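Peer 1: What follows is a predicted structure for the sequence shown.
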Amino acid sequence: MLRFHLNGEIDVSSRKISFIDDPVSWMTERFELCKSSRIIDFGCGPGLHTSRFAVLGADVCGVDFSPRSIAYARQQASKESDATPTSRADYLEYEPEGEYDLITMIMCDHCTLSPTQHAAMLGRFKTVLSENGRG
């Protein structure tokens, strides 16, 4: 699965690189993301989006249940000057600390959740979203 995530030429597990770069650029502009922004990405996989947000200097956290994806994200982040924290966790049970200005769940995971899980996830988002934050 990780191999498919990392292949920027196909739309299988993740999207093509241009499909990743375009929404990150749009979100950066639309939500005025900057060095003081706090961003959390649920279902971050190998950190393809979180690493791009980290380049802004934002405080970024990625959450995913896959040990291989999280290991890869951590390895890549350690090569960068601004490391991206990641957590290996089931995001349905993960309790983030603090508030975030942007909460993302980019790979359509919410579509696979039951109505009960979906409501619980949105409720959790609501508790960690900053006053002017977006989710």
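Peer 2: Structure received. Residues are numbered from 1 along each chain as shown.
Peer 1: what's the burial count for Ala54?
Peer 2: 23 (other Cβ atoms under 10 Å). For glycine as for every other residue, the C-beta is placed from the backbone atoms N, C-alpha and C.
Peer 1: correct me, but it touches Val60?
Peer 2: Yes. If you go by Cβ atoms under 8 Å, Ala54 and Val60 touch, sitting 4.8 Å apart.
Peer 1: where are the low-confidence patches of this protein?
Peer 2: Along the chain, segments meeting pLDDT under 70 span 1-17, 80-84, 107-111, 135.
Peer 1: Could you look up the SS state of the residue positioned nearest the centre of it?
Peer 2: Residue closest to the average C-alpha location in the chain (Cα atoms, centre = their mean): Asp41, at 2.1 Å. Three-state assignment for Asp41 (DSSP: H, G, I helix; E, B strand; the rest coil): strand.
Peer 1: From Pro115, how far off is it?
Peer 2: 23 Å (Cβ to Cβ, to the nearest Å).
Peer 1: now do Ser18
Peer 2: For Ser18, the distance to Pro115 - Cβ to Cβ - is 34 Å.
Peer 1: Confirm Cys44 sits in a strand?
Peer 2: No. Under three-state DSSP, Cys44 sits outside any strand and is assigned coil.
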